[in-house]
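K.L.:
The amino acid sequence is not available; the structure is as follows:
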């Protein structure tokens, strides 16, 4: 009788693991299909760039890649300051508001730099390429908005 329960338990555990793996795999596939292609893939795979455009875009992307970590680090710093201010306060204090303002400024700086980067990339494209690029930007923003 005891061996039978072990068998039933083992079967149930294996079925649960298989079910979880299948759920994870299908959710990953669905999420991948719902997300628009990245701007990088649109630019480098769909726009048929000239060698000169490719060279210029690589330089633009390298400059932004060098700048972006500092902007993101400032957002994380501001977020930690906000967490600390909330933890140390018993309400919506001036310290909390200052931390919120810092967070908004850091996020704004990142967003402004990203938008400037997008338009700098766009300036390298032909009008027909820019049309495809613009549609990808709009799709990405709409996807993030839900």
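P.N.:
Done, it's in. Since the structure is predicted, the reported quantities are computational estimates derived from the model, not experimental observations.

K.L.:
and this protein, what are its domains?
P.N.:
Domain segmentation of the chain under automatic domain parsing yields 1-34, 37-145.

K.L.:
In a markdown table, list those domains along with mean pLDDT and mean neighbour count.
P.N.:
Placement of C-beta: from N, CA and C, glycine included. Formatted as a markdown table, the domains of the chain follow (pLDDT from 0 to 100; neighbours: other CB atoms under 10 Å):
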| stretch | mean pLDDT | mean neighbour count |
| --- | --- | --- |
| domain 1-34 | 55 | 9 |
| domain 37-145 | 91 | 14 |
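
K.L.:
Give me the helices and strands touching the lengthiest helix in the chain, please.
P.N.:
Longest helix of the chain, by residue count under DSSP state H: helix 51-88. Applying 3 or more CB pairs under 8 Å, 6 or more residues apart in numbering; DSSP states H and E, one finds that helix 51-88 contacts helix 94-122.

K.L.:
Let's see that with 10 Å instead.
P.N.:
When contacts are defined as 3 or more CB pairs under 10 Å, 6 or more residues apart in numbering; DSSP states H and E, helix 51-88 packs onto helix 39-41, helix 94-122.

K.L.:
Tell me what angle the last one forms with helix 51-88.
P.N.:
In this case it means helix 94-122. Helix 94-122 and helix 51-88 are oriented at 170 degrees to each other (axes from the mean of the first three to the mean of the last three CA atoms, to 10 degrees).

K.L.:
continuing past helix 94-122, what's the next helix or strand?
P.N.:
Using DSSP states H and E, the next helix or strand after helix 94-122 towards the C-terminus is helix 127-145.

K.L.:
Quick one: distance of that next one to the chain centre.
P.N.:
Helix 127-145 sits 15 Å away from the centroid of its parent chain (CA atoms, centre = their mean, to the nearest Å).

K.L.:
circling back to that earlier point, between the longest helix of the chain and helix 127-145, what angle do the directions make?
P.N.:
20 degrees.

K.L.:
Distance from the chain centre to helix 51-88, please.
P.N.:
Centre-to-centre, helix 51-88 and its host chain are 12 Å apart (CA atoms, centre = their mean).

K.L.:
ok, now stretch 105-123?
P.N.:
Computed by CA atoms, centre = their mean, the chain-centroid distance of stretch 105-123 equals 14 Å.
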